[in-house]
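Enquirer: Provided below are the primary sequence and the corresponding predicted coordinates.
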Amino acid sequence: MTWQPTICMAHLKDRAEIYAKIRAFFSVRSVLEVETPLLSQATVTDPHLTSLSTHCPLPGHAAPQKFYLQTSPEYAMKRLLAAGSGPIYQISKAFRFDMRGALHNPEFSLLEWYRPGFTHGDLMIEVDALLRRILNCAVAQSVSYGSLFAQYCQLDPYHATLEQLAACAMRHGLDVNQADQLDVTTWLQLLMMHLIEPHLGQNNRPTFVTDFPAAQAALAKINPGPPAVAERFEVYWQGMELANGFHELCDSEEQRRRFVADNAWRKAHQLTEVAMDEHFLAALTHGLPACAGVALGLDRLVMAALQQKEISAVLSFPIECA
């Protein structure tokens, strides 16, 4: 057993300088830094995310109540937006039940910000400016989800069948466990991960991916098309996803329907159903201003800036050393 940090002292100082640059970036743009709780009585319903939980005493309850460590500060930040905060950002810890790997630690750092009056296109311009400030990189390129699948998979992802997706995986030598149990969205995510992502964000130029299928909208608005696409983007650097941004959904009833659909998917796949965040839904009902928001993985951004391939090189103490 070792007590020493996995980050070297030079990188510890570099990380602090990157944080200072980020704060300066938002200060000159009059974006307010905020802080929201890491513990909440509700969490995300997204079937592809699993939250960590604990129990804490709560006034008026005889037994300790279940709380979740947040997978992102999104819901609480949107409650601030609905209360009239104006543009806000947060540097926050987040937690996800995930395997430890070169790019993953169950406890990680996020930079998340929201811009009232912005579309996701407007926000992409600002994300690009931040990346150029931190990474000293070229101006980003933007490509559509559909064009990437046409180029690397010879598929139309908006209309592909299960049989076509499975055949594509086989054609490229992908060995997929329980392939007969996968739905279209999961197939697309697997093909994206293995066949497309490694090509993105190369040559010192980030790549923005836009026009995801409507089924992958999460908390984004949907453009009815055709084809129907989510008003969201992802950002890649040297094959690594850095950020995920949305033209935010403001309709509380539509958001509730998506939460219900998430739980139905969970139940059908023998996953634990999750209580919907009623505080967040009430804030949407009150009125979330039209806005765009993005979550950017800070540990990965630091990795990119310091040209590191392993997340432990930019963390003081990854989970196995905590």
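Expert: Looks like it arrived, so ask away. Residues are numbered from 1 along each chain as shown.
Enquirer: Could you list the buried residues of the longest helix along the chain?
Expert: Looking across the chain with DSSP state H, the single longest helix is helix 9-27. Using 16 or more other C-beta atoms under 10 Å as the test for burial, helix 9-27 gives His11, Asp14, Arg15, Ile18, Ile22, Phe25, Phe26. Yep, even glycine has a C-beta here, placed from its N, CA and C like the rest.
Enquirer: now do stretch 27-42
Expert: Val31, Val34, Thr36, Ser40, Ala42.
Enquirer: Stretch 310-317 now?
Expert: Buried residues in stretch 310-317 (16+ other C-beta under 10 Å): Ile311, Ser312, Ala313, Val314, Leu315.
Enquirer: between these, which is nearest Trp113?
Expert: Val314 (20.8 Å; C-beta to C-beta).
Enquirer: now the closest one, nearest residue through space, not along the chain?
Expert: Leaving out its chain neighbours, the residue that sits closest to Val314 by C-beta to C-beta, 6 or more residues apart in numbering is Val302, at 4.4 Å.
Enquirer: Look at Thr119 and say how many residues are nearby.
Expert: Residues lying near Thr119 (other C-beta atoms under 10 Å) number 15.
Enquirer: which non-adjacent residue is nearest it?
Expert: Nearest to Thr119 is His247, by C-beta to C-beta, 6+ apart, at 5.2 Å.
Enquirer: Find the residue at the geometric middle of the protein.
Expert: Centrality entry for the chain: nearest residue to the mean C-alpha point is Asn244, 4.6 Å, by C-alpha atoms, centre = their mean.
Enquirer: List the pairing partners of whichever strand or helix holds it within its sheet, with orientation.
Expert: Asn244 is part of strand 240-247, with elements assigned from DSSP states H and E. Taking DSSP bridges as the criterion, strand 240-247 forms sheet pairs with strand 229-237 (antiparallel), strand 291-297 (antiparallel).
Enquirer: can you map out the strands along the stretch 101-250 of the chain?
Expert: Taking DSSP state E, counting those that start in this stretch, the strands of the stretch 101-250 of the chain run over residues 107-116, 141-144, 207-213, 222-223, 229-237, 240-247.
Enquirer: which other helices and strands contact the longest one?
Expert: It refers to strand 107-116. helix 74-82, strand 88-95, helix 120-135, strand 291-297, helix 298-306 (3 or more C-beta pairs under 8 Å, 6 or more residues apart in numbering; DSSP states H and E).
Enquirer: residues touching Arg258, list them.
Expert: By C-beta atoms under 8 Å, 6 or more residues apart in numbering, Arg258 lies in contact with Thr45, Ala217, Ala218, Leu219, Leu249.
Enquirer: can you pull the pLDDT of Thr2?
Expert: The model reports Thr2 with a pLDDT of 85.
Enquirer: From Val314, how far out is the closest residue to it other than its chain neighbours?
Expert: Spatial nearest neighbour of Thr2, chain neighbours left out: Cys321 (7.2 Å); criterion: C-beta to C-beta, 6+ apart. Counting by C-beta to C-beta, to the nearest Å, the gap from Cys321 to Val314 is 14 Å.
Enquirer: quick one on the thing from earlier: let me know the angle separating the strand holding Asn244 from helix 120-135.
Expert: Relative orientation of strand 240-247 and helix 120-135, computed by axes from the mean of the first three to the mean of the last three C-alpha atoms, to 10 degrees: 150 degrees.
Enquirer: Could you tell me which of the buried residues of stretch 27-42 are located in helices?
Expert: Among the buried residues of stretch 27-42, no member lies in helices (by DSSP H).
Enquirer: got any ranges where the stretch 151-300 of the chain has weak pLDDT?
Expert: Across the stretch 151-300 of the chain, nothing is flagged by pLDDT under 70.
Enquirer: Dump the buried residues of stretch 310-317 to CSV, plus distance to Ser72, secondary structure and pLDDT.
Expert: Listed next are the buried residues of stretch 310-317 as CSV, based on distance: C-beta to C-beta, whole Å; DSSP: H, G, I helix; E, B strand; the rest coil; pLDDT from 0 to 100:
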residue, distance to Ser72, secondary structure, pLDDT
Ile311, 17, helix, 97
Ser312, 22, helix, 96
Ala313, 23, helix, 97
Val314, 19, helix, 98
Leu315, 18, coil, 97
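Enquirer: With distance to Met124 as added columns, please give those in TSV.
Expert: Below are the buried residues of stretch 310-317 laid out as TSV (distance: C-beta to C-beta, whole Å):
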residue	distance to Met124
Ile311	25
Ser312	30
Ala313	29
Val314	25
Leu315	28
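Enquirer: With that, I have no additional questions.
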